[in-house]
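*Asks:* The following block contains a protein sequence and its predicted model.
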Amino acid sequence: MDKRLVPNVSVDSVVFGFDSIHLNVLLIGRSIVHEGIQYHDWKFPGDLIRWDEDLDTSSKRILKELTGLENIYMKQLKAFGALDRLTKRPRDMSWLISIDHPENRVITIPYYSLINLSKGTDNGLKLNENAKWFPVNEAKKLQLAFDHYEILEFALETLRNEMRTKPLAFELLPPKFSLSQLQKIYEVIFEMNLDKRNFRKKIANLSYIVPLNEKENDVSHRPAKLYMFSRDVYQKLKSQNFDFTI
């Protein structure tokens, strides 16, 4: 096995998490000293790939090493390889040199991942002291490293496009969820308000969203009925060119 790092190819992870209120993104803080001035900004979890790994394997390894996450939804986005992606801001190169990586040309292939951050959920997340969740709208206002703002925007656009035709919302929900939680995900991600009655009428026609004989626990409001997503039913409908659009 050849575990040497490939100096000019990296993968980054755009990890989205839903906490029943916000769509969040996971960022890692870094400190940089450039020309005697200390800067603090944020970046996605990421690293160089190894010579003995393909991209998917590398992405899974790096995400697990940096966050503890594994066996979650992951999707490759596209390559980002602008000539100046590392040199556009001189302090980015200062940081790379400080970690013994003085390359000025690295192509990165980001992946986006989806997890549920609901209270009481054990998803294996183990963050280091420099990692933090930010609501996406707040993350856009931060100083992000390299071209990570561009990567974030592309990941969001991809998520929205894929949610129109794939059951990705259920990757962000607990196994048992209320219709209000499901509606909230779509409202947050698409940044729009949905009519409750029309939304529930649409849901009533989707046989893969199965009502359960259970209600919410430990809530301050009237407990809502719980539902589950049946992947088996969805796969049967999918084979018939079923459109998931909500």
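*Replies:* Everything's here; your move.

*Asks:* Just give me how far the lengthiest helix in the chain sits from the chain centre.
*Replies:* For the chain, the longest helix by residue count, based on DSSP state H, is helix 148-163. Relative to the centre of its chain, helix 148-163 is centred 9 Å away, using C-alpha atoms, centre = their mean, to the nearest Å.

*Asks:* Same check on stretch 137-149?
*Replies:* The chain centroid and the centroid of stretch 137-149 are separated by 14 Å under C-alpha atoms, centre = their mean.

*Asks:* And that stretch, what's buried?
*Replies:* 139, 142, 144, 145, 146, 147, 148 (16 or more other C-beta atoms under 10 Å). Quick note: C-beta positions are derived from backbone N, CA and C, even for glycine.

*Asks:* just checking, the fifth one touches residue 92?
*Replies:* Yes: with contact taken as C-beta atoms under 8 Å, residue 146 and residue 92 are classed as touching, separated by 5.6 Å.

*Asks:* what's the overlap in contacts for the two?
*Replies:* Counting by C-beta atoms under 8 Å, 6 or more residues apart in numbering, the shared contacts of residue 146 and residue 92 are residue 86.

*Asks:* same question for the longest helix of the chain, mean pLDDT?
*Replies:* Looking at helix 148-163 alone, the average pLDDT works out to 96.

*Asks:* hmm, back to that, which one of the buried residues of stretch 137-149 sits closest to residue 182?
*Replies:* Closest to residue 182 out of the buried residues of stretch 137-149 is residue 139 (23.5 Å), distances taken as C-beta to C-beta.

*Asks:* now the closest one: how far from residue 160?
*Replies:* Going from residue 139 to residue 160 by C-beta to C-beta, to the nearest Å gives 16 Å.

*Asks:* repeat for residue 96
*Replies:* Counting by C-beta to C-beta - residue 96 and residue 160 are separated by 32 Å.

*Asks:* who's more crowded, these two?
*Replies:* Taking neighbours as other C-beta atoms under 10 Å, residue 96 and residue 160 compare with residue 96 leading, 18 against 14.

*Asks:* so what's the backbone phi/psi at the more buried one?
*Replies:* The phi/psi pair for residue 96 (degrees, to the nearest 10) reads phi -60, psi -40.

*Asks:* and what of residue 42?
*Replies:* Per degrees, to the nearest 10, the backbone of residue 42 is at phi -130, psi 150.

*Asks:* what sits against it?
*Replies:* Applying C-beta under 8 Å, 6+ apart, the residues contacting residue 42 are 27, 28, 29, 30, 132, 134, 139, 142, 143, 144, 145, 148.

*Asks:* One more: residue 118?
*Replies:* Taking C-beta under 8 Å, 6+ apart, one finds 18, 19, 20, 173, 174 in contact with residue 118.
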